[in-house]
Structures are given as C-alpha cells and as structure tokens.
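**Q** how would this look folded up:
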Amino acid sequence: MSEIHPPPTPDKDAVHIAKKPRLEETESGEAIVQADEAVQEDALAASSSTAAKQAKAKSAKKSNKKKKQKVPLIEPYSNEDVIFQDVKALLGEEAVLKAQEAGSELKAPFEFKQELELVVSALSSNGESLSIAPAPYPPWVVLTPFALPGEKIRVKIYRNARLWSHADLVEVIEPNTELRDMDRIGCKYFGKCAGCQFQMLSYDTQLDLKRNVVSTIGSPLQYGYRTKITPHFESPLRDLKKHGRPADGSKPDWFKIGFNVIGTRNTMDIEECPIATPTLNKALGPIREGILEKMETYKRGVSLLLRESLEIPTESSATPSQDEAMDALVEETEKKLCVTDHRGTIRERVGDKLFEYTAGSFFQNNNSVLVPLTDYVRDCIFPTAPASIDTPRPTHLVDAYCGSGLFAITLSPHFSRVTGIELSTDSIKSANISAKLNNLSPEQHTFMSGDASDIFATVTSFPRAETAVIIDPPRKGSDEKFIDQLIEFGAAVVVYVSCNVHTQARDVGMILKKSQAKREKEGGKEYTLETVRGFDLFPQTAHVESVAVLRLVNVEHA
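**A** Below you'll find the predicted structure:
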C-alpha cells in the first residue's frame, strides 16, 4: 500500500515579506532608488547573516541525517546480542567486520515473503536453525524454527535484521533422519506454537544440544511438568459484532484462546498443552467454556492464569505437627487443584518442605527437578572434599533475590543462621509464611524486603569466612553495585543461579575480574570459578537453568 502524505502546511514561524513594486510602476523611481541607497548596506549585512544561518541550518540538517543513518548499537546481552554472537560465529568475524565497514549489515538481500531453499548449518542458542544464504547472496544468515543441522529446507522470509533474517519453515525437503523423529512429537500444535522447539528430538539429543551451552542435568519429567501456564485471548467484541455467534452455540473459529503463533503476535487456539500438568489441562476445558459463555463481557484482551497447587487444609482443620505433616505428604501430593486467581494462594512441596505463595508471584514452574537442583546447590556449598584444609564449614547463608524462599528454606537445616532479601514485599510475606509452615525459628531465619544491592549492610554480624551466598537474579542479571558489595563482603562461597546463561557469564566474569584486582591491591584471597552446571527446567524447549559456583581461595599467579 502506498504511503499517503498530507499536504504541506505553512511554517508558522516563517516571515512573509510584501512584494516590492517594480521601479517603472512607481511615481518616482528615482526617489525610491535614493531612499534604497540609505539601507542597502544594512540589507546586504542582513542578507549575509541570513545566508550564514541558512548554511548553518543546512549543515546541521546534513549532520542529523548522518546521525539517523548510523547503525544502532546492540544492547549487550540482549536477545539481539545473543543472536548476533551466533551469527558472527557462523559467518566469521572477518565477514562481519567487512559488512560493518561497508555499511551493509542492515541491507538485507531478501524481500518480505521471499521463499528460498537453504541447508541448515547449526542451531542458535535460542534453538532456531542457522543457515548461510547461498551464492550469489552476500554473507547473511537466516534463522528458522523447527529445523535441524544438515537439513535442506524451504523457508519464507518474514523479517530482516542486521546480517540475518527471520523466516517461517515452509517445508523440510531433506530431513536429518538421525535426529528428527516426527513420532516423538507429543503436541498437535507443535510447529506453529511458540512454546516448544525440540519435540521432534529424543530427550538425550535435547540434553546434548543444551550441553553445548552448559553441562546439563535432565528433568525427571519431559511432559506434564509445567505447573503454570498463561493462555490469552483478544477482546471478541469487534468480531462478535461483525460475525455473531454460531447458530449451533459452538465456539466461533475466529475466537482464539491460547498462545502466540511463533514469530507473530497472533494467537492460536489451544485446547490442551502437553507440557502442562494433567491438573491444568483438566481445568483448561471448563475455563474455555466459561469464557465462551460470557464473550460479550470482555471489552479488552485477557491473559489467564492457571497454576497448580496442593489442596490447602481449611482453617477449621487442626494444625498437624511436623511429624504428622510428614506422614501425610504422600497423600497430600495427590490432592491437587488449579488456581486461577492471581491473588490466590498456592501450596507446593519441594522435598520435605512446604511452600505457600501468591499465585501471581514467581516460583519455578517445574517442580520435578527442584529437589535435584536444591540438593546440587547444597552439595556445592558443602563439598565432600573441602577446597583446602583450613576452609571452615559454612554456618551462615545469605539468599539474595530470595523470592518466596526456595533455597533459604530447603537448605535451612544445614545453617545456624539464614537471611533472605527480595524486592517484592509479597514474596517476602510468602517466605515468612513458608518458614512458619516448616517450623523454622524466626530468630534464626529472617526474610526482609529490599534491594539485593543493600543486603550486605544487614548481615555485618555474619562471619564472612563461614558464610555462603546464593544469587538468583532476574534475567537481566545483577548490577555492578551489588557485585562490588559482594566482593567487599567476601563470602566463602557464592552460588549463582540463572535462567539466562549470557548475563550470568557477564556477571561471573565481572566477579572474577574485580576479585582479582582486589587481591592484587590488598592481598588475601580471590574468587575462582569452581564449576558450572545446567538443569533442564524446561524440557522440549531450548532454555536451561544454569548454576555457577565460585569459591574464595588463595591463588598464586605467575
């Protein structure tokens, strides 16, 4: 569609000068000439000044134009930066540098909806296939979902970026039969839904791919593990007015309740989600039916919440002792329900610990792997073989970004003092409730609301050589202020848990560098990276949770 441009509007700041009469049209041209001679000098000066201003304005305009043509910088460790690093690794640094110097990194060789055949070279960190554009195209990469290395594919371009384009998979012309097994796919929406990337692969292959990023421990459940889903729908009023309800009362085809179609903002209709728990799938059908019955009431789009919870005893029920609660755990885990109110209460069990938190707050969504995860963190803090003979056993725990207290509470039996801090007051309230639920002493286990950057001011009494710190920040990672305070505090061991291996790598690198600089300046110990391990909290997807362990030790540099 051609662009429609509005007619030009007068510049309100422009000065409109009345047209001078021609000399022969005046009664006395000579008089006018004589009169003009008196002001010619001023007029010339004014003209010169105006010309100078116009030249300056023209120069500024050219400068602004040049600025607009500058290639925008990529935000470090953003999703775009992650893709760029994958593209650079595939094309080679020299080819990327040439494109940047020539100013061609944004000049895509493909048109919108152009189809082409490619051979997949590798997979990106996000699970999409990477293919190099064939000759005669310039060095350029095409990202396509659901394709595997070695496969010949037909794709359709839908968006261009810098040195790469995004495409839909049209057809797998020559499949990689060693990897692709379509019989493994457990979801009828796979290939269109944006939720999963790897269902056509064996689980061992999925783990192998994730181990290319970080050595990864698998999940006990590969399907039916997700305890929270958030399907959504757009307001149906416009289509309802246009099309009306079907005469038979069925769901209209135009009304979609589900998740995004991959690569778009369009919603696809989802009747079930195989990676969600059976409890959530059982509840999804009636919830969809309830929405259909009252479509006319939704003036805006809605994001739904379905979250699994253990059944919570009523207030009239007698509060069981710890032993009685332990005896009832097996029976209790079978009594599960779906909570849809963001303000509702969720009860969840991790090992022998119970947790309560608000349904709309953050908590890990794969319960089946939380015991292996928390056990691994415990074993890293208390290794079988100590780092050195004079390394004391940690007795105090600081849980930064503690959320609802997952690590602080599960590891509480191993420490004499535990402190957790979290920005969200609702999460801290939940952590305190969970501590009480597990009969933890408030004198020995404290949770407070605040910025993780200020946590070390609250634990000055903790013996640093006997303190462990757990960091579990949001995807953006930690800030430099927090890292500076962490190094200054000097805990014996730091465990960094992250859902973003890229920001984790940035922060760990900063900790190591700053720690070394402090040792070189002041003497003493510095942090070393002891181990990095992944946990597959998200089977069938490319995502992985990463755990890095840093220990404060004596280091001798040559």
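**Q** right, and the helix or strand after the host helix or strand of Lys481?
**A** Here Lys481, judged by DSSP states H and E, is contained in helix 480-489. As assigned by DSSP H and E, the chain's next helix or strand after helix 480-489 is strand 493-498.
**Q** So which residues make contact with that next one?
**A** Applying CB atoms under 8 Å, 6 or more residues apart in numbering, the contact partners of strand 493-498 are 377, 380-381, 394, 407, 468-473, 475, 477, 486, 504, 507-508, 511, 527, 545-552. For every residue, glycine as well, the C-beta is placed using N, CA and C.
**Q** Low-confidence bits of the stretch 351-500 of the chain, can you list those?
**A** 386-390 (pLDDT under 70).
**Q** try 80
**A** Scanning the stretch 351-500 of the chain for pLDDT under 80 picks out 385-391, 452-454.
**Q** For it, just list every one of the helices.
**A** 370-381, 406-410, 425-437, 480-489 (DSSP state H, counting those that start in this stretch).
**Q** next one: the chain
**A** Counting by DSSP state H, the chain has helices at residues 29-69, 79-91, 93-102, 203-211, 237-243, 278-293, 322-327, 329-333, 370-381, 406-410, 425-437, 480-489, 501-522.
**Q** which residues of the stretch 151-300 of the chain score low on pLDDT?
**A** Ranges of the stretch 151-300 of the chain meeting pLDDT under 80: none found.
**Q** What are the buried residues along the helix holding Lys481?
**A** For helix 480-489, the neighbour count (16 or more other CB atoms under 10 Å) marks Phe482, Ile483, Asp484, Gln485, Leu486, Ile487, Phe489 as buried.
**Q** I'd like to know which of the residues you listed is nearest to Glu234.
**A** Phe482 (39.6 Å; CB to CB).
**Q** Roughly how far does that closest one sit from Lys476?
**A** 12 Å (CB to CB, to the nearest Å).
**Q** again with His166
**A** Taken as CB to CB, the span from His166 to Lys476 is 23 Å.
**Q** These two: which has the busier surroundings?
**A** His166 (18 against 10; other CB atoms under 10 Å).
**Q** isn't the more buried one right up against Val141?
**A** No: judged on CB atoms under 8 Å, His166 makes no contact with Val141 at a distance of 10.2 Å.
**Q** just to revisit the earlier point, will you turn the helices of the stretch 351-500 of the chain into a markdown table that also has distance to Thr230?
**A** A markdown table is the format used below for those (distance: least, CB to CB, whole Å):
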| stretch | distance to Thr230 |
| --- | --- |
| helix 370-381 | 20 |
| helix 406-410 | 20 |
| helix 425-437 | 18 |
| helix 480-489 | 29 |
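**Q** The most centrally placed residue in the chain - nearest residue in space that isn't next to it in sequence?
**A** Nearest to the geometric centre of the chain sits Arg475, at 5.5 Å (CA atoms, centre = their mean). Leaving out its chain neighbours, the residue that sits closest to Arg475 by CB to CB, 6 or more residues apart in numbering is Asn500, at 4.4 Å.
**Q** For the helix holding Lys481, list the C-alpha coordinates in CSV.
**A** Presented in CSV, the C-alpha positions along helix 480-489 are these (Å, rounded to 0.1, in the frame of the first residue of the first chain):
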residue,chain,number,x,y,z
GLU,A,480,27.6,-3.6,39.4
LYS,A,481,26.8,-2.1,42.8
PHE,A,482,25.7,-5.5,44.1
ILE,A,483,28.8,-7.2,42.7
ASP,A,484,31.1,-4.6,44.3
GLN,A,485,29.4,-5.2,47.7
LEU,A,486,29.6,-9.0,47.2
ILE,A,487,33.3,-8.8,46.7
GLU,A,488,33.8,-6.5,49.6
PHE,A,489,31.9,-8.8,51.9
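**Q** Just want the angle from it to helix 501-522.
**A** 40 degrees (axes from the mean of the first three to the mean of the last three CA atoms, to 10 degrees).
**Q** what's helix 480-489 packed up against?
**A** Helix 480-489 is packed against strand 467-471, helix 501-522, with contacts defined by 3 or more CB pairs under 8 Å, 6 or more residues apart in numbering; DSSP states H and E.
**Q** Can you tell me what sits against the last one?
**A** Read that as helix 501-522. Taking CB under 8 Å, 6+ apart as the rule, helix 501-522 contacts 76-77, 81-82, 125, 213-214, 473, 475-478, 480, 483-484, 486-488, 494, 496, 498, 524-529, 534, 544, 546, 548, 550, 552, 555.
**Q** follow-up on the earlier one: looking at the helices of the stretch 351-500 of the chain, which is nearest to Thr267?
**A** Nearest of the helices of the stretch 351-500 of the chain (CB to CB): helix 425-437, 28.9 Å.
**Q** so Val377 sits right up against Ala548, yeah?
**A** No: between Val377 and Ala548 there is no contact under CB under 8 Å: 10.9 Å.
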